[in-house]
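Engineer: below: sequence and its predicted model.
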Amino acid sequence: MSFQQGLSGLNAASKSLEAIGNNVANSGTVGFKQSQVQFADIYASTLSGSGAAQIGIGVQVARVAQLFSQGNIAVSNNPLDMAINGDGFFRMSSGGTITYGRNGQFELTKEGYIQNASGARLTGYMADANGVVQNGAPVELVINKADMGPQATSKYDVKLTLDSRKDVLNPLNFNPDDASTFSDSTSAPVYDSLGNSHILRTFYVKTAGGEWSVFATNDGVPIGYTLPVTATNPPVPIGTMDFGNGGALISTTPSPMVAQMVVTTGAATPFNITLNVTGTQQFAQAFGVSKNLPDGYRPGSLTGFDVASDGSIMGRYSNGQVNVLGQVILSSFANPNGLQNIGDNQWVETAESGVPLTSTPGSSGLGVVQSARIEESNVDLTAELVNMITAQRVYQANAQTIKTQDQIMQTLVNLR
């Protein structure tokens, strides 16, 4: 009987050494999850009762469990490298076969797909041309390298501090080329529907204690009236601003003020720009501009992209704009130990693992994604080397039981 016990112990210790050796071999594998051999004792079944002095007949491997604990996260120079901080797996597609993994070392194919070293493609949700993510059935993510089209300016946010100490001026004398006819001015680039740049300049003329007229020019051409200025064709402001005794803006006339831009570039003309002066104030201090933000932009080409913590792939364009190109998704399982390991740091779903819960990073208990990061193997090399020594001693001890039993058997054989 001891031969059977010792032999089972040798087999178990050997399996333990194999798992430890595999862990050590993959200690540098990104996204690798270490294995642990779990044992169970063996007892012979009896037909009647239970023996109080029953002795087991050895040991067996109950299962080889993978420990899905978090690995250390290291910095990478590749913006496509991603690490999951928390629960979840990347959902991959390989020829229609869905696999799952923690290795976030990705590269871009010539077609724009995001794939790993084994050719499996990362899946998620794509975004439309306006950067709106289209939730639904996951698809293979592809980076759209098309240029971003222009957007005409429609709103101009400007927040000013006007100097109440300025002299009162006659708005009928306004001349954009004569600084003595206006109190202050500011300018900003705006864009037509073809992306051509124009300079919208606004002028502020103090006409009374708490009243200011606002004039505007488009590339130096007056807006709202034509040149030359005459008694019957006076300069016309695009609006006026009224301030209270405390210096706060009370109202604008009209509300809102609008600059009508006439262009000859072949773009849509005229196009209107709403002037938003919310927060503008009048104090006894020097003129200042705290906000000068028109919307709209010229065309731009894709210069790079990053992945946000929620999996959003943010494209950066040469025109300074940022647009969402897609969103990475993650999957989790009720029993990750039920997944079948198919190599290449990938697993497939089984009946034991349960169906995947798939959602965006940071939701439904899933971890977040960190760009330009990799998750290192969770193997503790020091602990594995200690385990290796222990497994070796166990193997030697079981071999000794077989040797001892052999000596006893030899003694019996030699009896006369």
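Structural biologist: Now that the structure is in, tell me what you want to look at.
Engineer: mind listing the helices for the chain?
Structural biologist: Assigned by DSSP state H, the helices in the chain fall at 2-25, 381-413.
Engineer: and the longest one, how far out from the chain middle?
Structural biologist: In this case it means helix 381-413. Averaging C-alpha positions (Cα atoms, centre = their mean, to the nearest Å) puts helix 381-413 52 Å from its chain's average.
Engineer: pick the most buried one from the helices of the chain.
Structural biologist: Greatest average neighbour count among those goes to helix 2-25 (a mean of 18), per mean count of other Cβ atoms under 10 Å. C-beta: built from backbone N, CA, C; applies to glycine.
Engineer: any idea what residue 99 is bridged to?
Structural biologist: residue 92 (DSSP bridges).
Engineer: these two touch, right, residue 188 and residue 294?
Structural biologist: Yes - the criterion here is Cβ atoms under 8 Å, and residue 188 meets it with residue 294 at 4.8 Å.
Engineer: overlap in contacts of these two?
Structural biologist: Counting by Cβ atoms under 8 Å, 6 or more residues apart in numbering, the residues touching both residue 188 and residue 294 are 156, 200.
Engineer: before we move on, back to that, of all the helices of the chain, which one is nearest residue 333?
Structural biologist: Nearest to residue 333 among the helices of the chain is helix 2-25 (21.7 Å), distances taken as Cβ to Cβ.
Engineer: how's this structure carved up into domains?
Structural biologist: Per automatic domain parsing, the structural domains of the chain span 2-69+379-413, 73-147+327-375, 155-294.
Engineer: what's the neighbour count on residue 164?
Structural biologist: Applying other Cβ atoms under 10 Å, we find 16 residues neighbouring residue 164.
Engineer: distance check, it against residue 204.
Structural biologist: From residue 164 across to residue 204, the span is 12 Å (Cβ to Cβ, to the nearest Å).
Engineer: kindly report the same for residue 60.
Structural biologist: Using Cβ to Cβ, residue 60 is found at 88 Å from residue 204.
Engineer: the more surrounded of the two?
Structural biologist: Higher neighbour count among residue 60 and residue 204: residue 204, with 22 against 13, using other Cβ under 10 Å.
Engineer: list the contacts of that one.
Structural biologist: Counted by Cβ under 8 Å, 6+ apart, residue 204 has contacts 160, 162, 182, 183, 184, 185, 212, 213, 214.
Engineer: any quick PyMOL command for the buried ones out of the residues you listed?
Structural biologist: Remark: buried members of the contacts of residue 204, expressed as a PyMOL selection using 16 or more other Cβ atoms under 10 Å:
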select buried, resi 160+162+182+183+184+185+212+213+214
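Engineer: kindly indicate which of the contacts of residue 204 lies nearest residue 345.
Structural biologist: Residue 345 lies nearest to residue 160 out of the contacts of residue 204, by Cβ to Cβ, at 57.7 Å.
Engineer: what's opposite that closest one in the beta bridge?
Structural biologist: residue 289.
Engineer: ok, it - contacts?
Structural biologist: 184, 186, 204, 277, 280, 281, 287, 288, 289, 290.
Engineer: against residue 175, how distant is the first one?
Structural biologist: Pointing back at residue 184 there. 15 Å.
Engineer: swap in the second one?
Structural biologist: As judged by Cβ to Cβ, residue 186 and residue 175 stand 17 Å apart.
Engineer: so what does residue 329 look like in phi/psi?
Structural biologist: phi -120, psi 160 (degrees, to the nearest 10).
Engineer: OK, contacts around it?
Structural biologist: Going by Cβ under 8 Å, 6+ apart, residue 329 touches 91, 123, 124, 125, 138, 311, 358, 359, 360, 361.
Engineer: which stretches of the stretch 301-416 of the chain have low pLDDT?
Structural biologist: The model of the stretch 301-416 of the chain has pLDDT under 70 over residues 416.
Engineer: no no, the stretch 51-200 of the chain
Structural biologist: Ranges of the stretch 51-200 of the chain meeting pLDDT under 70: 51-53.
Engineer: in it, which spans are strands?
Structural biologist: Counting by DSSP state E, counting those that start in this stretch, one finds strands in the stretch 51-200 of the chain at the ranges 58-66, 73-75, 82-85, 89-94, 97-101, 107-108, 114-115, 121-126, 139-140, 155-163, 184-191, 197-208.
Engineer: so who does the residue most central in space within the chain touch?
Structural biologist: For the chain, the residue nearest the mean C-alpha position is residue 308 (1.8 Å; Cα atoms, centre = their mean). Each residue near residue 308 by Cβ under 8 Å, 6+ apart is listed here: 314, 369, 371.
Engineer: can you tell me which of these lies closest to residue 35?
Structural biologist: residue 369 (25.7 Å).
Engineer: and the closest residue to that closest one other than its chain neighbours, backbone torsions?
Structural biologist: Sequence neighbours aside, residue 361 is the residue nearest to residue 369 in space, at 4.6 Å (criterion: Cβ to Cβ, 6 or more residues apart in numbering). Main-chain torsions, residue 361, degrees, to the nearest 10: phi -60, psi 140.
Engineer: residue 361 and residue 331 touch, don't they?
Structural biologist: No - in this structure residue 361 lies outside contact range of residue 331 using Cβ under 8 Å: 10.9 Å.
Engineer: neighbour count for those two, which is higher?
Structural biologist: residue 361 (26 against 21).
Engineer: of the domains of the chain, which is nearest residue 304?
Structural biologist: Short answer: domain 73-147+327-375, nearest of the domains of the chain by Cβ to Cβ, at 7.0 Å.
Engineer: for the helices of the chain, give me CSV that also has distance to residue 200.
Structural biologist: As requested, the helices of the chain are exported to CSV (distance: least, Cβ to Cβ, whole Å):
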stretch, distance to residue 200
helix 2-25, 65
helix 381-413, 64
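Engineer: which parts of the stretch 251-400 of the chain are strands?
Structural biologist: Ranges of strands in the stretch 251-400 of the chain, per DSSP E, counting those that start in this stretch, are 257-261, 271-276, 281-283, 288-294, 302-307, 312-317, 322-328, 330-332, 340-343, 346-348, 357-359, 368-371, 373-375.
Engineer: make JSON lines from these and add distance to residue 404 to it.
Structural biologist: Formatted as JSON lines, the strands of the stretch 251-400 of the chain follow (distance: least, Cβ to Cβ, whole Å):
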{"stretch": "strand 257-261", "distance to residue 404": "99"}
{"stretch": "strand 271-276", "distance to residue 404": "92"}
{"stretch": "strand 281-283", "distance to residue 404": "96"}
{"stretch": "strand 288-294", "distance to residue 404": "87"}
{"stretch": "strand 302-307", "distance to residue 404": "61"}
{"stretch": "strand 312-317", "distance to residue 404": "65"}
{"stretch": "strand 322-328", "distance to residue 404": "59"}
{"stretch": "strand 330-332", "distance to residue 404": "50"}
{"stretch": "strand 340-343", "distance to residue 404": "39"}
{"stretch": "strand 346-348", "distance to residue 404": "44"}
{"stretch": "strand 357-359", "distance to residue 404": "54"}
{"stretch": "strand 368-371", "distance to residue 404": "56"}
{"stretch": "strand 373-375", "distance to residue 404": "47"}
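Engineer: appreciated, that's everything.
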